[in-house]
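Participant: Okay, predicted coordinates and the sequence, questions at the end:
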Amino acid sequence: MDERSSYVVDLSNGLEDVSISFLPHSAKQTLPEFKYAPANVQGPGCSVDPSEVTLPGCSCLFHSCVSESCSCLQAHGQAYSSNGTLVSFHVADAGRCAPVFECNALCSCGDTCANRVVQRGLRLTLQVCGTGRRGWGVRTLQRIPRGMFVCEYAGEVIGLEEARRRQLAQRHEENNYIIAVREHAGTGSVTETFVDPTAVGNVGRFLNHSCMPNLFMVPVRVHSVVPRLALFAGRDIDAQEELTFDYSGGYRNQAPGQMLDAQTDAAVQAGGAVQRKVCHCGADNCEKFLPLDVSILN
């Protein structure tokens, strides 16, 4: 197959600052129908509009905030280094990161503030490409350094009941795109966020699962209390590498921390093994099945 004849430009239809190309594995492979959205949108069961500004801002007079005077950094810590990568203590504990808070629309600092990363959107050259039996996937066309923001996993933010309804309505041959993120804030407090990019989503909906991934997910709050599910490079990634993350929220054999609660085999069997799908990631430590969050089904 001639790649030049199948190379089509900009999956996002101009909604991202960087064009996203896509390349089928074969002439018969077609993209699914969905509406492209660079960031989360409000869906059924979500009581808060993710685009609404609900968090307070800082009154910094500098173009880029410094921890000595910025109320945002003092309250939540400095998540990013000067080059925009996650600071070392975040990367070293990938998969167990504390939530990140960025400066927002109410902050007086400039758009180039070092505490504004995820909100700037896609900055890397990515390509949606066919992968054979794993369907569509995403690869990078440029090198990505460790700790760099790659893309969001964006879609409809929905409630638990809607997530349960949608998952139960899925046929076995259909892909499950719903991601559930649980953030533990101590004293038994848990915040749940459900994101479904099936009908409305961004390039992140095409990312494949791997039991040995090169990306990890961090909940990042910008303007709203609803987190944006940001994916960062867990290691240096070479150009042409496929980008993957662990759908259960772990990273490279580390158990999930702030993210998805891992499910035991017994829990999966009790919660609906019929929906489990075979994992084709090919990693040496492959768990054989894709993660399944059975708490949505119960």
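Facilitator: The structure has been received and is ready for your questions.
Participant: Mind listing what's buried along stretch 160-169?
Facilitator: 162-164, 166-167 (16 or more other C-beta atoms under 10 Å). To be clear about C-beta, it is placed using only N, CA and C from the backbone, and glycine gets the same treatment.
Participant: Would you format the residues you listed as JSON lines with pLDDT and distance to N202 included?
Facilitator: Below are those laid out as JSON lines (pLDDT from 0 to 100; distance: C-beta to C-beta, whole Å):
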{"residue": "E162", "pLDDT": "96", "distance to N202": "20"}
{"residue": "A163", "pLDDT": "94", "distance to N202": "19"}
{"residue": "R164", "pLDDT": "92", "distance to N202": "24"}
{"residue": "R166", "pLDDT": "93", "distance to N202": "18"}
{"residue": "Q167", "pLDDT": "88", "distance to N202": "21"}
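Participant: okay, these in a markdown table with secondary structure next?
Facilitator: Formatted as a markdown table, the buried residues of stretch 160-169 follow (DSSP: H, G, I helix; E, B strand; the rest coil):
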| residue | secondary structure |
| --- | --- |
| E162 | helix |
| A163 | helix |
| R164 | helix |
| R166 | helix |
| Q167 | helix |
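Participant: For D284, state which of those residues is nearest.
Facilitator: Relative to D284, the closest of these is Q167; by C-beta to C-beta it sits at 29.8 Å.
Participant: Against F194, how distant is that closest one?
Facilitator: Distance, Q167 to F194, by C-beta to C-beta, to the nearest Å: 10 Å.
Participant: Pull out the buried positions in stretch 221-233.
Facilitator: So, applying 16+ other C-beta under 10 Å, buried residues of stretch 221-233: 221-224, 226-233.
Participant: Strands - which of these land there?
Facilitator: 221, 228-233 (DSSP state E).
Participant: and the next element down the chain from the strand of greatest length in the chain?
Facilitator: In the chain, assigned by DSSP E, the strand with the most residues is strand 190-201. Using DSSP states H and E, the helix or strand that follows strand 190-201 in sequence is strand 208-209.
Participant: what lines up beside that next one in the sheet?
Facilitator: Partners of strand 208-209 in the sheet, by DSSP bridges, are strand 242-245 (parallel).
Participant: where does the stretch 101-250 of the chain have low pLDDT?
Facilitator: Regions of the stretch 101-250 of the chain meeting the criterion pLDDT under 70 cover residues 186.
Participant: Please convert the ones in strands among the buried residues of stretch 221-233 to TSV, extending it with distance to E287.
Facilitator: Formatted as TSV, those follow (distance: C-beta to C-beta, whole Å):
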residue	distance to E287
R221	31
R228	27
L229	21
A230	24
L231	20
F232	22
A233	22
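Participant: just curious, which of the residues you listed is nearest to Y153?
Facilitator: Of those, the one sitting nearest to Y153 (C-beta to C-beta) turns out to be L229, at 4.2 Å.
Participant: if I look at the closest residue to the closest one other than its chain neighbours, how far off is R228?
Facilitator: Spatial nearest neighbour of L229, excluding adjacent residues (C-beta to C-beta, 6 or more residues apart in numbering): Y153 at 4.2 Å. Distance of Y153 to R228, computed by C-beta to C-beta: 9 Å.
Participant: thinking T131 is in contact with E242, fair?
Facilitator: Yes. Using C-beta atoms under 8 Å, T131 makes contact with E242 at a distance of 7.0 Å.
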